[in-house]
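Student: Model the following, please.
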Amino acid sequence: MANTNMNIRISKLYQGAPWGALEVAFNSAPEGDQMIAEIREATGLDLKRPPANAFAMRELHIAEVGGEEALEAAFVKAMEIASKYGEVQDSQKNMKGPGEVTPNELGKAMGHHRPPFDDGR
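Tutor: Numbers count the residues shown, from 1 in each chain. Purely as a prediction, here's the structure:
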């Protein structure tokens with residue numbers, strides 16, 4: 001089911017505000033409608049495309065969630081579902097461009113290296 005071309009990104013908008021929102025963005029793909037439907041069902045959110053995005057190839061779906069706790073819960077559920085459809089970029093820490101690695105991936109890759117001048121103590 002995973003589509004590597006969807007370039008899925010999930011963002012928490014207006015963090016810390018009582019009107020926090022969740023944004024799910026992805027390149028248009030046939031699987032996108034199913035993914036959004038599953039996220040809507042799991043979170044109870046009314047994710048909608050802004051009118052200016054209605055015909056764009058990069059789909060944006062946004063819903064107001066509420067406070068920080070509700071936003072985090074919706075974010076976790078959305079990430080879980082979206083990951084079935086391809087790699088998900090967490091815009092708060094994992095954004096990357098083509099050919100780049102995320103900070104998380106870099107940390108894993110460099111995990112076996114010690115910093116310079118580290119004598120192991």
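Student: May I see the buried residues of stretch 20-39?
Tutor: For stretch 20-39, burial by neighbour count (16 or more other C-beta atoms under 10 Å) applies to 20-26, 29, 31-32, 35-36, 38-39. C-beta coordinates here come from the backbone N, C-alpha and C atoms, glycine included.
Student: Take these and keep only those in strands.
Tutor: The strands, defined by DSSP state E, take in G20, A21, L22, E23, V24, A25, F26 from those.
Student: Check the residues you listed and tell me the two furthest apart.
Tutor: With C-beta to C-beta as the measure, no two of these lie farther apart than G20 and F26, at 20.5 Å.
Student: thought Y14 was touching E23?
Tutor: No. Using C-beta atoms under 8 Å, Y14 makes no contact with E23, being 10.2 Å away.
Student: still on that earlier bit, can I get the ones in strands among the buried residues of stretch 20-39 in a markdown table with pLDDT?
Tutor: Shown next, in a markdown table, are those (pLDDT from 0 to 100):
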| residue | pLDDT |
| --- | --- |
| G20 | 91 |
| A21 | 94 |
| L22 | 95 |
| E23 | 95 |
| V24 | 96 |
| A25 | 95 |
| F26 | 95 |
